[in-house]
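K.L.:
Next comes the sequence, and after it the predicted model I'd like to discuss.
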Amino acid sequence: MHALFRGLVLLSVATPLALALDSADDFFHGLPRHSQNHRRTKIVLGSYPIWKKTDDYRKDDFFNDFTFEAIPDPTHGRVNYVDKQTAIAHGLATCTPDSFVMRADSTTVLDPAGPGRESIRLQSKKQWTSGVFVLDLKHMPVGCGYWMTQHIGWPQNGEIDVLEGYCSQIPNRSAIHTVNGCSMSTPQSSMTGNIVSTNCSYLNNYNEGCAVLWENRQDSYAKPLNDMGGGWFVTERTDDHVSIWFWGRNDENVPPAVRSGSRIICTKEFGKPIAYWESSNTCNLAKVLGPHNIIINLTLCGDWAGQPDVYRASGCPGTCIDNVNNNPGCFKDAYWEINSLRVYSQLYK
C-alpha cells in the first residue's frame with residue numbers, strides 16, 4: 001500500500017539553514033546554586049536528551065511563519081495551490097478562537113479544462129536537523145482521492161512521513177524515504193507498530209519507503225481520529241534515531257509534558273514508540289536525512305491517487321478526476337484543524 005494522502009511531513013529542502021538553539025541559561029535562572037548543579041548533572045549524565053521548547057505555532061502563527069506555496073503540483077494532481085491572500089479571501093485558511101484551519105474548496109464545480117480545486121500547501125520557513133515535534137491535531141481531512149505532492153529537495157535530503165494513508169482508509173502508517181542505499185535493521189520489538197518494508201530508497205517499490213503500519217491504533221487516522229477530537233502526534237529526530245508516538249484526546253496515558261505543552265520535555269517518559277527507525281551500518285540517518293521543513297498540505301488525485309484501480313479500491317464513486325470536478329460537497333470535511341504545533345530543540349546530550 002502506497003500513500004494517497006500524507007499529512008504532517010518533515011521534509012528536506014536543498015538550501016541548508018543552521019538551527020540556532022536558545023541558551024539554556026533561562027532554564028536554570030533563579031534556581032539555588034546547588035539546584036542548578038544538580039539539574040545540570042542529571043541532564044548531562046542522562047541517557048535521554050532533554051529538549052526545550054523553541055517554537056510554538058498557533059492560529060495566526062501559521063500565516064506568519066509558514067509559506068503558502070502557490071506552485072504546480074509535482075504529482076500532477078487535480079489541485080490548484082493558492083497563495084496566502086487567495087486562501088484568506090476564499091475562506092480556505094481561517095482561525096477559530098482555539099485553532100488554525102486550512103481546507104480545500106468545497107463549493108465550486110470545476111471546468112474540466114480549467115484549474116484544479118483550490119487548496120493549500122504550507123511549508124515552514126524554518127528548518128531543523130533534530131528536534132521533538134508535537135502536533136496537537138483536532139481534525140484531519142477525510143474523503144476521497146487525497147495525496148501529497150513530491151517536494152522541494154526530494155529525495156536528496158530524505159523525508160519523514162508522520163501521517164500517511166489513502167483516502168479515509170485506516171490505520172495510519174509512517175515512513176522514511178531516502179536516496180538509494182538505506183536499509184533499516186531496526187527490530188520489530190523496538191516499536192508497537194508493524195514493519196511493512198525495510199528498504200527506504202525512493203527507487204524501491206514505487207517509493208514505499210521504510211514503512212510502519214499502526215495496526216494496533218485504529219483510532220489514529222481519519223474518522224475515528226476526528227470522532228474523538230483528535231490527539232497528539234509526537235516525532236523525535238536525532239542523529240541516532242527517529243521515533244513517533246501518538247495519544248488520543250482522552251487517553252489517560254498522555255504524558256503530562258505533552259498535554260500541557262511544557263517548556264522542557266524528555267521522551268524517556270513516553271514509553272515504546274509506535275514507529276522507530278535506528279541508525280546503523282546499513283543506514284546512517286545523519287547522512288541520509290538533511291535539514292527538514294514541516295509540510296502540511298492537501299492535494300487531490302495525481303500520479304498515484306488518480307490511478308483507477310487504486311481509487312476504486314478505496315470505495316469512492318466514479319473516477320477521481322470526475323469526483324473532484326463535479327462533487328464539491330464531497331470535500332466539506334477536507335480540512336486540517338490544528339490546535340498547536342510545538343518544536344523542541346536539544347539542550348544537552
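P.N.:
Perfect, thanks for sending it. Residues are numbered from 1 along each chain as shown.

K.L.:
Please make it C-alpha for all contacts and neighbour counts, starting now.
P.N.:
OK.

K.L.:
From residue 238, how far off is residue 48?
P.N.:
11 Å (C-alpha to C-alpha, to the nearest Å).

K.L.:
same check, this time on residue 160
P.N.:
12 Å.

K.L.:
For those two, work out which one has more neighbours and name it.
P.N.:
Higher neighbour count among residue 160 and residue 238: residue 160, with 23 against 17, using other C-alpha atoms under 10 Å.

K.L.:
I'd guessed the more buried one sits against residue 178; true?
P.N.:
No. Assessed by C-alpha atoms under 8 Å, residue 160 is found out of contact with residue 178, at 9.0 Å.

K.L.:
which one is residue 76 nearest to, not counting chain neighbours?
P.N.:
Using C-alpha to C-alpha, 6 or more residues apart in numbering and skipping the chain neighbours, the partner closest in space to residue 76 is residue 302 (4.8 Å).

K.L.:
Report pLDDT for the one you found.
P.N.:
Note on residue 302: pLDDT of 80.

K.L.:
What are the buried residues along the strand or helix carrying residue 85?
P.N.:
Using DSSP states H and E, the element containing residue 85 is helix 84-89. Applying a neighbour-count criterion of 16 or more other C-alpha atoms under 10 Å, one finds 84, 86, 87 buried in helix 84-89.

K.L.:
Verify the stated contact: the last one with residue 101.
P.N.:
No. Because the distance of 10.9 Å does not satisfy C-alpha under 8 Å, residue 87 is recorded as not touching residue 101.

K.L.:
Can you name the residues that contact residue 210?
P.N.:
Residues in contact with residue 210 (C-alpha atoms under 8 Å, 6 or more residues apart in numbering) are 175, 176, 177, 183, 184, 195, 196, 197, 198, 199, 200.

K.L.:
ok, the residue nearest to the fifth one when sequence neighbours are not counted to residue 236 distance?
P.N.:
It refers to residue 184. Spatial nearest neighbour of residue 184, chain neighbours left out: residue 198 (5.0 Å); criterion: C-alpha to C-alpha, 6+ apart. Distance of residue 198 to residue 236, computed by C-alpha to C-alpha: 19 Å.

K.L.:
Give me the below-cutoff pLDDT ranges for this protein.
P.N.:
Scanning the chain with the threshold set as pLDDT under 70 gives 1-47, 145-155, 165-169, 304-305, 348-349.

K.L.:
Going along the chain, name the helices of it.
P.N.:
Secondary structure of the chain (DSSP state H): helices at 25-28, 33-45, 61-64, 84-89, 222-227, 256-260, 285-288, 302-305, 308-313, 320-326.

K.L.:
Let's test this: what are the backbone torsions at residue 205?
P.N.:
Main-chain torsions, residue 205, degrees, to the nearest 10: phi 50, psi 50.

K.L.:
what's the neighbour count on it?
P.N.:
13.

K.L.:
same check, this time on residue 268
P.N.:
Residue 268 has 12 neighbours, counted by other C-alpha under 10 Å.

K.L.:
That one against residue 50, yeah?
P.N.:
No. Using C-alpha under 8 Å, residue 268 makes no contact with residue 50, being 9.3 Å away.

K.L.:
The residue lying closest to residue 141 once chain neighbours are set aside: what's it in contact with?
P.N.:
Using C-alpha to C-alpha, 6+ apart and skipping the chain neighbours, the partner closest in space to residue 141 is residue 334 (4.1 Å). The contact partners of residue 334, by C-alpha under 8 Å, 6+ apart, come to 103, 104, 140, 141, 142, 143, 298.

K.L.:
Now render the residues you listed as TSV, adding distance to residue 313 and neighbour count.
P.N.:
Output for these, formatted as TSV (distance: C-alpha to C-alpha, whole Å; neighbours: other C-alpha atoms under 10 Å):
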residue	distance to residue 313	neighbour count
103	25	25
104	23	28
140	21	24
141	19	25
142	16	23
143	14	19
298	20	25
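
K.L.:
just checking, which of these belong to strands?
P.N.:
Per DSSP state E, strands hold the following members of those: residue 103.
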